[in-house]
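1. Need a 3D model of the following:
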Amino acid sequence: MASDPDERDFIQSIERGFAVLLAFDEERVNPNLAELAAATGLSRPAVRRILLTLQRLGYVRASGSRWSLTPRVLSIGQHYSASHAMIEVAHPHLLDLSVKTGESASLAELDGRDAVYVARVPVRRIMSINVSIGTRIPAFATSMGRVLLAWAPDAVVDEIIAAGLPALTRHTVTDADAFRGVLRQVRSDGWSIVAEELEIGLLSVSAPVRDRSGEVVAALASSTSVGRSSVEAIRRDVVPLLLDAAKRISADLGYRSSAQADRAVTPP
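-> This next block holds a predicted model:
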């Protein structure tokens, strides 16, 4: 039997190299060989060869039996930013939104089942995790993710639901039909507010950013805490500012607005 063409083109050694790189995190800042092997499921000899290769390339360094990443790893993310004009285009609008709201402003893209931060202007830390460029959060429980999913193909939404909608807090929408209803409402409104579904105390609101073709390519978000605002105040004061900023970013990307495509209504 002939091999699957996709399998023939798959380079396992590259997959394993990235697995080792991604095993370095807040819990494993300076892991040893055994810890990396346990985290990746690879054998110690395989991890050792990968580490020595990454060391030769300048991405990791050794200190005794411990390993750590080098600053060269940051260049991978820089290449992404440099090759995506959207991030450069969006940054002044993020700054403007942050100044007008007094809150953090972020831009995210959908990657698998997660919303990934690709640009951010932080004002204060309001989440238990340290949010930075590259931070991943579950799309189903966040305003950014719901905006991205509201305009995503049905197959993508089906995959999210099939993977499960776990209760991250007592407020998280976990029912599949209810979740689909939420996405329909987001698409109808043109924006999404999520209150305390990812973390207790966290409020966020997002709107879609479109490219020249009209495709939703990112979500623009403003986030705060229940101690500083409310859903009603966000709907009244922040949503108009957010929609305007998202519209300006989209225009800078070449999008020409049409009511039929946007389906965005300024809240009463």
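2. so Ile193 makes contact with Arg235?
-> Yes: between Ile193 and Arg235 there is a contact at 6.5 Å, judged by Cβ atoms under 8 Å. C-betas here are computed from N, CA, C, even on glycine.
3. Which one's more surrounded, these two?
-> Neighbours per residue (other Cβ atoms under 10 Å) separate Ile193 from Arg235, with Ile193 holding more: 20 against 16.
4. now the more buried one: how far from Leu22?
-> Between Ile193 and Leu22 the computed distance is 32 Å (Cβ to Cβ, to the nearest Å).
5. contacts for the host helix or strand of Lys247?
-> Assigned by DSSP states H and E, Lys247 falls within helix 239-252. Under the criterion Cβ atoms under 8 Å, 6 or more residues apart in numbering, residues 86, 89-90, 93-94, 96-97, 100-101, 105, 190-191, 193, 205-211, 220-222, 257, 264, 266-267 lie in contact with helix 239-252.
6. what ranges do the strands span in this structure?
-> Along the chain, counting by DSSP state E, strands occupy 60-63, 66-69, 104-111, 114-121, 136-138, 192-195, 202-210, 216-225.
7. related to what we said a few turns ago, CA atoms of the helix holding Lys247 as CSV?
-> What follows is helix 239-252, C-alpha atoms only, in CSV (Å, rounded to 0.1, in the frame of the first residue of the first chain):
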residue,chain,number,x,y,z
VAL,A,239,-17.8,49.3,22.2
PRO,A,240,-18.1,52.4,20.0
LEU,A,241,-14.4,53.2,20.5
LEU,A,242,-13.5,49.5,19.7
LEU,A,243,-15.6,49.4,16.6
ASP,A,244,-14.1,52.6,15.4
ALA,A,245,-10.6,51.3,16.0
ALA,A,246,-11.3,48.0,14.3
LYS,A,247,-12.8,49.8,11.3
ARG,A,248,-9.7,52.0,11.0
ILE,A,249,-7.3,49.0,11.1
SER,A,250,-9.4,47.2,8.5
ALA,A,251,-9.4,50.3,6.3
ASP,A,252,-5.6,50.5,6.6
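8. buried stuff in it?
-> Val239, Leu241, Leu242, Leu243, Asp244, Ala245, Ala246, Lys247, Arg248, Ile249, Ser250, Asp252 (16 or more other Cβ atoms under 10 Å).
9. Please identify which of these is nearest to Val173.
-> Nearest to Val173 out of the buried residues of helix 239-252 is Val239 (Cβ to Cβ; 19.9 Å).
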